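Engineer: here you go, sequence then predicted model.
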Amino acid sequence: MIAHAPHNLPAEPDRFVGRALDVAALSALLRQERVITLIGAAGIGKTRLALRVAARAAAWFPDGVWLVEAARVRDPGPAVTEPAEALGVRDERAGRLFDSLREARALVVLDGCDHGRERCASLVAELVAGCPGPRFLLTCREPLCVPGELVWRVPPLDLPDDDRPDAESVQLFAERAAAAGARGVSSGMADVARVCQVLDGLPLALELAAARTALLSPGRIADRLGLLVRRDRRSLPHRQRVLLLAVEWSHDLLQPKERVLLRRLSVFAGGFDLGLAERVCADGGILREAEVPGLLTGLLDASLVRRHAAGGRYRLPETIRCYAAERLAEAGEDACLRDRHLEAVCEEMERCHEAGRPGRRTPWSERLPHFVRARGLLDDCRIAVDWAVESGAPALGLRLARAVLAVRGQPAESVGWHERLLALDLTGVPADLVAAGEVGLAYGLVLGGEPAAAEELVVRAVEEQKRHPYTHWTGVTYGVALTVLLRTGQSERALRCMEELEAAATAHGDVAGLATVRIAQLELALSKGQLRYARRRGAEALALARESGHCRTLARALTRLGAVAEAAGDLDGAALAAAAGTALRRSEEAALRVLDGERA
């Protein structure tokens with residue numbers, strides 16, 4: 001048993017109340033069952049329960065406990081990259097990713113499977129069938145119906161009665177009311193019990209109601225909510241109707257500008273920080289940038305926005321986000337806000353790349369936060385690319401896709417991005433940006449087993465790149481092109497590409513570009529059995545990587561030197577180089593997981 005197993009579970013924002021029997025029973029079942037699905041109505045606490053159980057069970061999984069947001073599972077094929085990346089596995093080839101998961105003794109928490117229930121079911125079924133190691137804890141409103149699935153229906157919190165006036169629902173309401181600054185709640189427990197009865201023990205509804213106790217007594221809250229429930233005639237299941245009424249009631253109590261900010265925050269896919277909220281949501285008219293911090297505090301106090309335990313990031317609960325998105329559409333602001341979101345996310349990812357890229361000659365410790373920042377933006381990048389395609393904005397979309405590939409390296413997913421973006425009307429889009437998009441598409445295609453299409457794209461893109469001034473993006477384009485050409489066996493074209501990049505990188509003092517050339521020269525020499533030459537180029541690549549101070553480039557150089565040593569029969573040297581490269585990659589992954597209060 002491991003005392004401190006790795007995980008990426010967020011720290012609990014407040015005390016977990018109740019459900020002791022559920023936690024104990026589910027924790028025991030995780031040691032017996034491959035797939036457990038927690039089902040229940042929205043707002044009933046499936047996610048919070050799953051995270052609690054996963055944290056308690058972490059010591060039983062040597063390879064860790066990893067949270068994956070189901071909204072990120074876009075396609076059953078490349079979707080295996082999501083749990084693989086959560087486990088710290090970074091291999092661009094889908095088959096190798098699958099192999100790496102096969103024996104992992106880990107728990108994968110796939111949260112919110114309502115977002116693409118069929119895709120999630122296909123992914124889990126495939127992983128369960130092919131990977132005997134990992135176990136899966138899922139949350140969804142309905143069963144996924146995958147082989148071996150154990151379904152656990154999450155009940156509402158216990159309601160008070162004569163035998164147990166301090167039921168779980170009462171405890172939750174009282175604790176959250178105290179946190180909201182309410183006084184004297186304990187003297188009105190009969191009214192608290194009425195609130196719990198009206199809201200049917202739904203945790204999210206209780207938290208929204210408790211957030212208002214600093215202004216309204218439990219008796220007034222119970223009276224108002226009871227009246228709303230009696231008057232509402234929507235043909236919805238009872239708990240869904242109760243939760244919706246609680247959300248609407250809480251929304252109606254907001255100040256007008258708080259409502260504006262809430263609906264505009266719905267454009268974010270996941271977490272956001274104050275800076276992004278100000279850039280995207282403030283328009284200088286209805287909402288000024290200086291007003292956002294105070295309004296955000298008001299939404300936090302109302303429990304409509306949640307703050308991560310660390311990292312200065314915020315999040316809308318999914319139920320609240322969906323409701324706010326409807327209000328955004330009603331206000332006619334949807335397109336405008338999504339435009340601003342696309343532009344802000346694109347600029348932020350480009351800043352992350354510029355600050356963290358190789359060749360800046362700054363310490364890795366100063367670059368790493370920018371990679372951490374980029375990781376936190378991936379979900380927003382996905383919906384931003386979707387909007388770039390939907391709204392016909394190929395230039396911004398291609399810039400964003402280029403930055404994501406350069407910063408985080410998502411080749412499997414970027415194939416779909418580039419295919420859709422390059423299919424748009426590209427009139428007016430800079431030719432070098434189109435070329436970069438074609439290289440990104442080629443990279444994904446060659447890794448996906450379509451080398452012929454990749455070669456044509458790469459040759460055309462490199463020729464176009466030569467017509468433009470050299471920038472750090474030129475080095476990125478050439479680097480990806482070299483990878484494609486070497487993997488497709490185009491050694492002569494790869495050699496010419498190396499010579500061109502070496503000349504340009506030397507002229508512009510691009511240390512990272514020169515390191516890329518040396519690694520490519522090593523690869524080519526290794527494929528021809530020229531081990532002495534390969535070793536010499538590898539040593540030069542290692543020196544350049546150390547000069548650049550870039551962790552990833554250094555890891556690549558070490559890994560390839562290990563391959564040369566292995567080919568020469570130096571197994572000790574190969575093991576040493578491979579271990580050093582792996583340690584660098586793992587160290588980076590561990591640091592990347594320290595995000596929004598997540599502890600590696």
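Structural biologist: Nice, thanks for sending it over. Residues are numbered from 1 along each chain as shown.
Engineer: okay, CA-based contacts and neighbour counts for the rest of this
Structural biologist: Fine.
Engineer: any weak-confidence spans in the stretch 351-500 of the chain?
Structural biologist: For the stretch 351-500 of the chain, residues meeting the criterion pLDDT under 70 lie at 356-362, 364, 408-412, 447-452.
Engineer: mind running it again at 90?
Structural biologist: The stretch 351-500 of the chain contains residues with pLDDT under 90 at 351-379, 382, 402-419, 431-500.
Engineer: just the helices from it, written as ranges.
Structural biologist: In the stretch 351-500 of the chain, the helices defined using DSSP state H, counting those that start in this stretch lie at 364-376, 378-391, 394-407, 411-422, 431-447, 451-465, 472-487, 491-507.
Engineer: E248 is nearest to which of these?
Structural biologist: Ranking the helices of the stretch 351-500 of the chain by proximity to E248 (C-alpha to C-alpha) places helix 378-391 first, at 26.1 Å.
Engineer: circling back: in a markdown table, list the helices of the stretch 351-500 of the chain along with mean neighbour count and distance to A222.
Structural biologist: Compiled in a markdown table, the helices of the stretch 351-500 of the chain are given as follows (neighbours: other C-alpha atoms under 10 Å; distance: least, C-alpha to C-alpha, whole Å):
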| stretch | mean neighbour count | distance to A222 |
| --- | --- | --- |
| helix 364-376 | 19 | 39 |
| helix 378-391 | 20 | 38 |
| helix 394-407 | 24 | 49 |
| helix 411-422 | 21 | 49 |
| helix 431-447 | 25 | 57 |
| helix 451-465 | 19 | 64 |
| helix 472-487 | 22 | 60 |
| helix 491-507 | 17 | 70 |
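Engineer: need those helices in CSV with distance to L261, can you?
Structural biologist: Listed next are these as CSV, based on distance: least, C-alpha to C-alpha, whole Å:
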stretch, distance to L261
helix 364-376, 21
helix 378-391, 18
helix 394-407, 25
helix 411-422, 30
helix 431-447, 34
helix 451-465, 43
helix 472-487, 36
helix 491-507, 47
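Engineer: wait, which of those helices is closest to C281?
Structural biologist: Judged by C-alpha to C-alpha, the one of the helices of the stretch 351-500 of the chain that comes nearest to C281 is helix 378-391, at 14.7 Å.
Engineer: which residues are in contact with stretch 383-396?
Structural biologist: Stretch 383-396 is contacted from outside by 269, 338-339, 341-343, 345-346, 397, 400-401, 417, 420-422, 424-426, 429-430, 433, using C-alpha atoms under 8 Å, 6 or more residues apart in numbering.
Engineer: among the helices of the stretch 351-500 of the chain, which is nearest D570?
Structural biologist: For D570, the closest of the helices of the stretch 351-500 of the chain is helix 472-487, at 24.4 Å, according to C-alpha to C-alpha.
Engineer: quick one: list the elements packing against the closest one.
Structural biologist: Applying 3 or more C-alpha pairs under 8 Å, 6 or more residues apart in numbering; DSSP states H and E, we find helix 472-487 packed against helix 431-447, helix 451-465, helix 491-507, helix 511-527.
Engineer: the inter-axis angle of that helix versus helix 491-507?
Structural biologist: Put simply, helix 472-487 runs at 160 degrees to helix 491-507, going by axes from the mean of the first three to the mean of the last three C-alpha atoms, to 10 degrees.
Engineer: can you list contacts of helix 472-487?
Structural biologist: Helix 472-487 is contacted by residues 406, 436, 439-440, 442-443, 446, 451, 454-455, 458, 462, 465, 491, 493-494, 497-498, 501, 505, 510, 512-513, 516-517, 520, 523-524 when judged by C-alpha under 8 Å, 6+ apart.
Engineer: dump it to PDB, restricted to CA.
Structural biologist: Listed next in PDB are the C-alpha coordinates belonging to helix 472-487 (Å, rounded to 0.1, in the frame of the first residue of the first chain):
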ATOM      1  CA  HIS A 472      10.400  31.300 -33.600                       C
ATOM      2  CA  TRP A 473       7.300  29.900 -35.400                       C
ATOM      3  CA  THR A 474       9.500  29.100 -38.400                       C
ATOM      4  CA  GLY A 475      11.600  26.800 -36.100                       C
ATOM      5  CA  VAL A 476       8.400  25.100 -34.900                       C
ATOM      6  CA  THR A 477       7.200  24.600 -38.500                       C
ATOM      7  CA  TYR A 478      10.500  23.100 -39.500                       C
ATOM      8  CA  GLY A 479      10.700  20.900 -36.400                       C
ATOM      9  CA  VAL A 480       7.300  19.400 -37.000                       C
ATOM     10  CA  ALA A 481       8.200  18.900 -40.700                       C
ATOM     11  CA  LEU A 482      11.400  17.100 -39.800                       C
ATOM     12  CA  THR A 483       9.500  14.700 -37.600                       C
ATOM     13  CA  VAL A 484       7.000  13.900 -40.400                       C
ATOM     14  CA  LEU A 485       9.700  13.500 -43.000                       C
ATOM     15  CA  LEU A 486      11.900  11.200 -40.900                       C
ATOM     16  CA  ARG A 487       8.900   9.100 -39.800                       C
END
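Engineer: picking that back up, how about a markdown table for the helices and strands packed on helix 472-487, with distance to G312 added?
Structural biologist: As requested, the helices and strands packed on helix 472-487 are exported to a markdown table (distance: least, C-alpha to C-alpha, whole Å):
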| stretch | distance to G312 |
| --- | --- |
| helix 431-447 | 33 |
| helix 451-465 | 40 |
| helix 491-507 | 39 |
| helix 511-527 | 32 |
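Engineer: might one say that A104 is in contact with F136?
Structural biologist: No: here A104 does not reach F136: they are 11.9 Å apart, not a contact under C-alpha atoms under 8 Å.
Engineer: the residue of the chain most remote from its centre: what secondary structure?
Structural biologist: What lies farthest from the middle of the chain is D162; by C-alpha atoms, centre = their mean that is 46.0 Å. Classification of D162 using DSSP: H, G, I helix; E, B strand; the rest coil returns coil.
Engineer: hmm, back to that, looking at the helices of the stretch 351-500 of the chain, which is closest to S250?
Structural biologist: Evaluated over the helices of the stretch 351-500 of the chain, closeness to S250 peaks at helix 378-391, with 26.6 Å, by C-alpha to C-alpha.
Engineer: the closest one: how far from the chain's middle?
Structural biologist: Computed by C-alpha atoms, centre = their mean, to the nearest Å, the chain-centroid distance of helix 378-391 equals 14 Å.
Engineer: so that helix versus helix 394-407, what angle?
Structural biologist: 150 degrees.
Engineer: show me this structure divided up by domain.
Structural biologist: 20-153, 168-252, 256-332, 343-593 (automatic domain parsing).
Engineer: mind putting those domains into a markdown table with distance to E12?
Structural biologist: Putting the domains of the chain into a markdown table (distance: least, C-alpha to C-alpha, whole Å) gives the following:
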| stretch | distance to E12 |
| --- | --- |
| domain 20-153 | 9 |
| domain 168-252 | 14 |
| domain 256-332 | 7 |
| domain 343-593 | 16 |
